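Novice: take a look and give me a structure for this.
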Amino acid sequence: TMNDATLVRAPQATSAPIGEEKEEQLLFDNDDLSIPVEMHISCESLLDRNHIGTLDPLACIWLLNKKTGRYDLLGKTEPIINNPNPTFVQAITVKYAFEESQNMRIEIYNGINQREKLGLDKHLLIGSTEFLLATALRSQNGSWKGELIHDSGKNGIVRIQFEEHKKNLSANLAKIQVEGRFVKMGHMFFRILRPNDKSPELIPVYQSESSISPANAAVKWREIKIGTAKLFRDIVSFPLALELYEHRPNGKHVLLGTHKFAFQDLIGNSHTWIGEFGNITFPSASIINRHSFMEYLLGGCNIALSLAIDFTGSNGDPRDTHTLHTITEPTNQYSLAIEGVGRILQDYDTDKNIPVLGFGAMPPFFPSVSDCFALNGDIFAPELHTIDKVMECYRSNVGKLTFSGPTNFASVIRYVGDIADFYVRSNLPYDYFVLLIITDGQIMDIEETKDEIVRCSELPVSIIIVGVGDQDFSAMDILDADKEPLYSSKYKKKMARDIVQFVPFKTFSYNPHELAKQTLEELPRQLVDYMTHKNIHPLKDNAIPRSLPESLY
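Specialist: Residues are numbered from 1 along each chain as shown. Predicted coordinates:
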């Protein structure tokens, strides 16, 4: 155990944890011959040749798509503030195919304004390098290094440590509560690290949120929820380390100490680490048998899609070419998003009846602008059978609407939340509802929307937001809640789980499959999180009754 305070360049302290376990992406993974490989990324000696004054790096991994000739984005790490030598907590997974030559590229950006979800054009490129996955995997101890090159020359070193995401590892969940009491006031956070599979070198797998600690008062971080495979490779005696930091706004966080332990030390014991800073305690730790997304699907779980479309005036006149809802062309950004995402989800919907809602316009059958109306004109029966019928209704009605505003989400979210709540109260636990919102602009009812999202976080609901056009989507970062859980002033509580995913359409507009993949990547985890949270186990056979409550509407 190390007790001396040390000044270090640590990852950015955030208000939400980094590294919480996410369910393996199963909507698209059908090739048993491919091997998932996790990439842990770090950098050395990054240079600020753009003279911004600070380096807030984030890493992006791309894979060459041989069909399109373009590089598809596999994933991004979290940004780290003011650190030329970052070690990222968020790992990125690639599916290694022995029979293919897989060309990859890694890019390191200076994440100015930390707005990584708004598109990489918001950042400055520090440098990039390309490599073959097979060659990199053969590096000594599974650790590959490359030089980051930009127009101005060499801008640093990037390192990737590879680990096989072994299929024989369990999907079980480890839950750990960590508390602390410190001799002085400060903002404290911690990281948990473990050895790499091929070397004793430690890699970070979890980072807590930053919590303020009054002097000699207890602080309690959010309960850790992380897969046992990710945390200790399903071996409870696997060596772990906890690094405790005092947060500094400039990114130069102070390392207060390092504590070595194993998960087995925490089970059934109130484990305590005492140092000069105070003490850290682990009052509880347990392993939860978590079922997989596939088990719920095979057990008959139904994913019911609802669609909400933005018809506000900022979309432009649909009769004009190049507007977002244009009817002068065979397709537009809205129709591409509806088809790209909707066709995937309808395959998991038993009856394929999709409620289609609109907001921000005055329909011809309604006397005023509405925040929630049925596109087919019947709010008591807004369903359309299959995406083909949805597209027919959209194309035939978009020109009949009077576009207006404002952009409000709360009503359409409440509509789907009410349906989900009715199913829960009717004891129908195996229906999960997905609301796809397609919008072009800045949301106006942010507080009311937060209230409805927090409410839905306790219900079988996920919300997917696709942003079309070039408007400011900064509010979507807040709703996505990757960094900080939403708080409802109406319900006086934080969201129970993460249920919102935002994707900017233009980033993947050239590739409908990649758009659908990026949009839906969090859905399996969100469904499993809900079922686990409510202690709902998958059925052993696909024999779920499908009779719907007559009083639904």
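Novice: now stretch 420-434 - C-alpha only, PDB.
Specialist: What follows is stretch 420-434, C-alpha atoms only, in PDB (Å, rounded to 0.1, in the frame of the first residue of the first chain):
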ATOM      1  CA  ALA A 420     -45.000   0.800 -20.600                       C
ATOM      2  CA  ASP A 421     -46.400   1.600 -17.200                       C
ATOM      3  CA  PHE A 422     -49.700   0.000 -18.100                       C
ATOM      4  CA  TYR A 423     -48.000  -3.200 -19.200                       C
ATOM      5  CA  VAL A 424     -46.000  -3.300 -15.900                       C
ATOM      6  CA  ARG A 425     -49.200  -2.900 -13.900                       C
ATOM      7  CA  SER A 426     -50.900  -5.500 -16.000                       C
ATOM      8  CA  ASN A 427     -48.100  -8.000 -15.000                       C
ATOM      9  CA  LEU A 428     -46.700  -8.300 -18.600                       C
ATOM     10  CA  PRO A 429     -43.000  -8.200 -17.800                       C
ATOM     11  CA  TYR A 430     -41.600  -9.500 -21.100                       C
ATOM     12  CA  ASP A 431     -42.400  -6.500 -23.300                       C
ATOM     13  CA  TYR A 432     -39.700  -3.800 -23.700                       C
ATOM     14  CA  PHE A 433     -40.500  -0.500 -25.400                       C
ATOM     15  CA  VAL A 434     -38.100   1.500 -27.600                       C
END
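Novice: pull out the buried positions in that stretch.
Specialist: 420, 421, 422, 423, 428, 429, 430, 431, 432, 433, 434 (16 or more other Cβ atoms under 10 Å). (Each C-beta comes from the backbone N, C-alpha and C, glycine too.)
Novice: also stretch 100-113?
Specialist: Neighbour-count burial for stretch 100-113, counted by 16+ other Cβ under 10 Å, picks out 102, 104, 105, 106, 107, 108, 109, 110, 111.
Novice: which members of those occur in helices, if any?
Specialist: Among the buried residues of stretch 100-113, none falls in helices (DSSP state H).
Novice: quick check: the farthest pair among those?
Specialist: 102 and 110 (27.3 Å; Cβ to Cβ).
Novice: low-confidence ranges, the stretch 151-300 of the chain, go.
Specialist: Within the stretch 151-300 of the chain, the stretches with pLDDT under 70 are 166-168.
Novice: now do the helices in it.
Specialist: Remark: helices assigned in the stretch 151-300 of the chain by DSSP state H, counting those that start in this stretch are 228-232, 293-298.
Novice: wait, which of those is closest to residue 265?
Specialist: Residue 265 lies closest, by Cβ to Cβ, to one member of the helices of the stretch 151-300 of the chain: helix 228-232, at 11.3 Å.
Novice: and the closest one, what does it pack against?
Specialist: Contact partners of helix 228-232 among helices and strands, from 3 or more Cβ pairs under 8 Å, 6 or more residues apart in numbering; DSSP states H and E: strand 173-182, strand 186-196, strand 199-207.
Novice: got a markdown table for the buried residues of stretch 420-434, with secondary structure, pLDDT and distance to residue 89 too?
Specialist: Shown next, in a markdown table, are the buried residues of stretch 420-434 (DSSP: H, G, I helix; E, B strand; the rest coil; pLDDT from 0 to 100; distance: Cβ to Cβ, whole Å):
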| residue | secondary structure | pLDDT | distance to residue 89 |
| --- | --- | --- | --- |
| 420 | helix | 97 | 33 |
| 421 | helix | 97 | 36 |
| 422 | helix | 97 | 40 |
| 423 | helix | 96 | 37 |
| 428 | coil | 93 | 38 |
| 429 | coil | 93 | 34 |
| 430 | coil | 92 | 34 |
| 431 | strand | 94 | 35 |
| 432 | strand | 96 | 29 |
| 433 | strand | 96 | 31 |
| 434 | strand | 95 | 28 |
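Novice: kindly reformat these as a markdown table containing distance to residue 498.
Specialist: Converted to a markdown table, the buried residues of stretch 420-434 look like this (distance: Cβ to Cβ, whole Å):
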| residue | distance to residue 498 |
| --- | --- |
| 420 | 16 |
| 421 | 19 |
| 422 | 23 |
| 423 | 21 |
| 428 | 24 |
| 429 | 20 |
| 430 | 21 |
| 431 | 20 |
| 432 | 15 |
| 433 | 16 |
| 434 | 14 |
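Novice: just checking, residue 313 touches residue 404?
Specialist: Yes: Residue 313 lies in contact with residue 404 (Cβ atoms under 8 Å); the separation is 5.6 Å.
Novice: of all the helices of the stretch 151-300 of the chain, which lies closest to residue 521?
Specialist: Of all the helices of the stretch 151-300 of the chain, helix 293-298 sits nearest to residue 521, with 11.7 Å by Cβ to Cβ.
Novice: then that closest one to CSV, C-alphas only?
Specialist: Once non-C-alpha atoms are left out, helix 293-298 reads as follows in CSV (Å, rounded to 0.1, in the frame of the first residue of the first chain):
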residue,chain,number,x,y,z
PHE,A,293,-29.6,-10.4,-24.0
MET,A,294,-29.9,-13.5,-26.1
GLU,A,295,-31.5,-15.5,-23.3
TYR,A,296,-34.2,-12.9,-23.0
LEU,A,297,-34.8,-13.0,-26.8
LEU,A,298,-34.9,-16.8,-26.9
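Novice: show me what counts as buried in that helix.
Specialist: 293, 294, 295, 296, 297.
Novice: neighbour count: residue 313 and residue 404, which is higher?
Specialist: The neighbour count for residue 313 versus residue 404, taken as other Cβ atoms under 10 Å, is higher for residue 313 (17 against 14).
Novice: which strand residues bridge the nearest residue to that one once chain neighbours are set aside?
Specialist: Spatial nearest neighbour of residue 313, excluding adjacent residues (Cβ to Cβ, 6 or more residues apart in numbering): residue 403 at 4.5 Å. For residue 403, the beta-bridge partners under DSSP bridges are residue 361.
Novice: and residue 403, how many neighbours?
Specialist: By other Cβ under 10 Å, 20 other residues sit near residue 403.
Novice: residue 451 too?
Specialist: Residue 451 is flanked by 20 other residues according to other Cβ under 10 Å.
Novice: show me what contacts it?
Specialist: Listed by Cβ atoms under 8 Å, 6 or more residues apart in numbering, the contact partners of residue 451 are 410, 488, 489, 490, 491.
Novice: so it belongs to a helix, correct?
Specialist: Yes: according to DSSP: H, G, I helix; E, B strand; the rest coil, residue 451 belongs to a helix.
Novice: hmm, who's touching the helix or strand hosting residue 396?
Specialist: Using DSSP states H and E, residue 396 maps to helix 386-397. Helix 386-397 is contacted from outside by 307, 309, 327, 334-335, 338-339, 342-343, 346, 352, 354, 356, 363, 375-376, 384, using Cβ under 8 Å, 6+ apart.
Novice: mind checking which of the buried residues of stretch 100-113 are in strands?
Specialist: 104, 105, 106, 107, 108, 109, 110 (DSSP state E).
Novice: just give me the neighbour total for residue 399.
Specialist: Neighbours of residue 399 using other Cβ under 10 Å come to 11.
Novice: swap in residue 280?
Specialist: Counted with other Cβ under 10 Å, the neighbours of residue 280 add up to 24.
Novice: report back the residue of this protein that's furthest from centre.
Specialist: residue 367 (39.5 Å; Cα atoms, centre = their mean).
Novice: what's the local residue count around residue 470?
Specialist: For residue 470, the neighbour count with other Cβ under 10 Å is 12.
Novice: for the remainder of this discussion, apply numbering that starts at 193.
Specialist: Understood, numbering begins at 193; the last thing we discussed is residue 662.
Novice: so what's it up against?
Specialist: By Cβ under 8 Å, 6+ apart, the residues touching residue 662 are residue 698.
Novice: tell me the SS of it?
Specialist: Residue 662 ends up coil, using three-state DSSP.
Novice: pLDDT at it, what is it?
Specialist: pLDDT recorded at residue 662 is 82.
Novice: got a pLDDT number for the closest residue to residue 609 other than its chain neighbours?
Specialist: Take residue 609 and drop its neighbours on the chain: the residue closest to it by Cβ to Cβ, 6+ apart is residue 648, 4.6 Å away. The model reports residue 648 with a pLDDT of 97.
Novice: same check on residue 308?
Specialist: On pLDDT, residue 308 comes in at 41.
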